[in-house]
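Engineer: How does the following fold in three dimensions:
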Amino acid sequence: MSKPLAVVPSPPPRNWWLWGTTAILVIAMTWWSGVGIGFSLSELWCNLAGGHRLLRESWPPAFAFLPRLVRPFLETLQIAIIGTVIGGVLAVPVAVLAARNLTLGPMTWFVDRNFMNILRTLPDLFWAMLFATAVGFGPVAGALALSVFTIAVISKLFSESLESIDMAMPEAVRAAGGNWLHMVQFGALPQAISHYISYALYAFELNVRASMVLGLVGAGGIGMILETQRANFEYERVTVIILAVLVAVLIIEKLSETLRRRLA
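Structural biologist: Down below sits the predicted model:
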């Protein structure tokens with residue numbers, strides 16, 4: 001007796017009208033944005049000669065300049081480490097109060113959420129310029145700026161992880177007579193600690209990259225020497241700095257990925 005043929009379900013019909021409307025809308029918005037900023041393919045083609053000249057002046061890299069990058073790069077790492085540690089610690093209470101299932105009340109949740117939104121809205125360059133004005137140009141301003149940036153990154157991600165935990169353990173702590181702090185400490189945080197470590201390592205990777213950019217506004221690190229060489233048209237040295245940072249970031253990213261995999 002032959003087996004009945006399996007019925008292959010037909011794929012759901014595609015909404016071509018929706019796809020077509022979306023494509024037209026994207027094209028129209030792109031065209032409108034290009035006109036608004038004065039984008040022109042013809043001018044871009046005519047200016048390719050300038051880009052070719054820049055590439056020619058940037059090669060070969062001046063590797064003899066490499067030893068002078070050791071101290072600025074170590075300063076960049078120090079800025080990133082301090083910013084990650086300070087921001088990572090301060091992000092924990094911000095994330096806890098921003099989690100709907102753990103916050104102290106609707107008003108606390110509302111204030112804390114808006115505080116997080118303000119931190120994420122203002123870019124790290126703004127914080128660097130602000131702290132540079134307040135405490136002076138240098139690595140301290142960069143570390144403080146990255147601390148704020150780290151709070152914004154980790155608190156957002158960690159609060160979402162806390163909202164997805166199993167509330168049976170926190171409720172058991174409260175039922176046993178524990179207060180709100182005990183509930184958070186012994187019932188909530190242990191369930192999400194692995195996520196927190198992953199977010200902290202991810203923030204450290206971002207801070208290493210960001211600390212290079214912050215140096216462009218006088219916040220210390222290798223970014224300051226990069227801006228100095230660019231302003232002096234020493235493009236061979238600029239290439240060396242970029243290559244050195246690229247290698248360092250790849251190494252840090254690989255180490256961070258290995259640690260996250262082992263701690264997961």
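Engineer: thinking Arg209 is in contact with Leu246, fair?
Structural biologist: No: if you go by CB atoms under 8 Å, Arg209 and Leu246 don't touch, sitting 10.3 Å apart. For the C-beta atoms, the positions are set from N, CA and C on the backbone; glycine is no exception.
Engineer: Tell me which of these two has more neighbours.
Structural biologist: Legend: neighbour count by other CB atoms under 10 Å for Arg209 and Leu246, higher for Arg209 (16 against 10).
Engineer: Now the more buried one: which helix or strand?
Structural biologist: If you go by DSSP states H and E, Arg209 is part of helix 189-214.
Engineer: Now do the same contact list for Ile154.
Structural biologist: For Ile154, the contact set (CB atoms under 8 Å, 6 or more residues apart in numbering) comprises 87-88, 91, 95, 196, 199-200, 203.
Engineer: Can you tell me how far the residue nearest to it when sequence neighbours are not counted is from Ala152?
Structural biologist: Spatial nearest neighbour of Ile154, excluding adjacent residues (CB to CB, 6 or more residues apart in numbering): Ala91 at 3.8 Å. Plainly put, Ala91 is 8 Å away from Ala152 if you go by CB to CB, to the nearest Å.
Engineer: Of these two, which one has the most company?
Structural biologist: Between Ala91 and Ala152, counted using other CB under 10 Å, the more crowded position is Ala91 (28 against 24).
Engineer: Off-centre distance for the helix or strand hosting Val153?
Structural biologist: Here Val153, judged by DSSP H and E, is contained in helix 139-163. Relative to the chain's own centre, helix 139-163 is displaced by 9 Å; criterion: CA atoms, centre = their mean, to the nearest Å.
Engineer: Next, the angle from it to helix 189-214.
Structural biologist: 150 degrees (axes from the mean of the first three to the mean of the last three CA atoms, to 10 degrees).
Engineer: Could you check the helix or strand just after helix 139-163 and say which residues are buried?
Structural biologist: Following helix 139-163 in sequence order, the next helix or strand is helix 168-175 (DSSP H and E). Buried residues in helix 168-175, counted by 16 or more other CB atoms under 10 Å: 170, 173.
Engineer: Need the contact partners of helix 168-175.
Structural biologist: Outside helix 168-175, the residues that touch it by CB under 8 Å, 6+ apart are 101-102, 182-184, 186-188, 190-191.
Engineer: mind saving the C-alpha coords of that helix as PDB?
Structural biologist: Extracted in PDB, the C-alpha atoms of helix 168-175 (Å, rounded to 0.1, in the frame of the first residue of the first chain):
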ATOM      1  CA  ALA A 168      10.000  33.100  41.300                       C
ATOM      2  CA  MET A 169      13.400  33.500  43.100                       C
ATOM      3  CA  PRO A 170      13.000  37.200  44.000                       C
ATOM      4  CA  GLU A 171       9.500  36.500  45.200                       C
ATOM      5  CA  ALA A 172      10.800  33.700  47.400                       C
ATOM      6  CA  VAL A 173      13.400  36.000  48.900                       C
ATOM      7  CA  ARG A 174      10.600  38.500  49.800                       C
ATOM      8  CA  ALA A 175       8.400  35.700  51.200                       C
END
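Engineer: Run the angle between it and helix 189-214 for me.
Structural biologist: Orientation of helix 168-175 against helix 189-214 (the same axes, to 10 degrees) gives an angle of 120 degrees.
Engineer: Just the mean pLDDT for helix 168-175, thanks.
Structural biologist: For helix 168-175, the mean per-residue pLDDT is 81.
Engineer: Same check on stretch 113-126?
Structural biologist: 82.
Engineer: Okay, buried residues for that stretch please.
Structural biologist: Going by neighbour count (16+ other CB under 10 Å), the buried part of stretch 113-126 is 113, 115-116, 119, 124-125.
Engineer: Okay then, goodbye and thanks.
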